[in-house]
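> Sharing a sequence plus its predicted fold:
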Amino acid sequence: MLEINTLIGLPVDRWKEYRDIRLEMTKNDSWAFTPNHEDLLKLSEEEWKSELEDKRNTYFFLEDSGVLVGMSSIRTHIYNQFKHNVSFDMLYVNPEYRGRDLGKRLTEERIDYVKEQGGVKNVICEIFSSQIPSLELHKQLGFEEVGRIKDFAQYEGKYFDSVFMQLELA
Ligand SMILES: CC(C)(COP(=O)(O)OP(=O)(O)OC[C@H]1O[C@@H](n2cnc3c(N)ncnc32)[C@H](O)[C@@H]1OP(=O)(O)O)[C@@H](O)C(=O)NCCC(=O)NCCS
């Protein structure tokens, strides 16, 4: 039986763990995330800390016995006319933990969190067409495809669409 905790936010003194999981996910699944691994390697301690403390992002982490094994974020908008929208970003589960409903759990927990906070009408998510598990996961949780940019991303000589998915909250 898995005993995995969800942490909402991380104290800034744990910035190295945040850095390490971001480096892990951009190495393991380089096609899924921006900025990429090489760009992240250039960030300073202060930049990592300021990311972690950025009030526009609420980070959710999965922790197994003190080790971060997954993460995701909710990004809010700064302008008043967009504040009823949030973006779900950076969904990642360590490969050894996949297929155990943890990605679904992180997404359901973010939906519940947003509902509890109130004031949000739309949850938006941008997913590359190559990320089948993520597309399926979001569809299963009620997200609908609302648009796509054809051939937006190029990876290893192939083009992939950028798919926009939306969940309208009641
Ligand atoms: C996407 C990701 C987070 C899913 O995490 P996970 O914990 O393995 O997913 P879950 O076990 O919660 O699965 C939930 C649903 O996702 C879909 N799914 C998961 N893995 C899948 C796969 N290999 N193929 C097709 N669908 C899959 C299914 O709909 C599944 O529901 P089901 O078990 O009832 O069939 C994980 O694969 C990952 O980190 N991928 C790399 C990074 C990435 O693409 N992130 C998304 C950025 S938008």
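Cool, got the structure.
> Please state the offset of the helix or strand encompassing residue 40 from the chain centre?
Following DSSP states H and E, one finds residue 40 within helix 37-41. Remark: helix 37-41 is offset 17 Å from the chain centroid, using CA atoms, centre = their mean, to the nearest Å.
> Tell me which residues touch the spatially closest residue to residue 83 that is not a sequence neighbour, please.
Leaving aside its sequence neighbours, residue 83 sits nearest to residue 77 (CB to CB, 6 or more residues apart in numbering; 5.5 Å). Every C-beta, even on glycine, is put in place using the N, C-alpha and C of the backbone. Residue 77 is in contact with 56, 83, 85-86, counting by CB atoms under 8 Å, 6 or more residues apart in numbering.
> thinking again about what came up before, helices and strands around the helix or strand just after the helix holding residue 40, which ones?
Downstream of helix 37-41, the first helix or strand assigned by DSSP H and E is helix 45-53. Contact analysis of helix 45-53 by 3 or more CB pairs under 8 Å, 6 or more residues apart in numbering; DSSP states H and E lists helix 15-28 as its packing neighbours.
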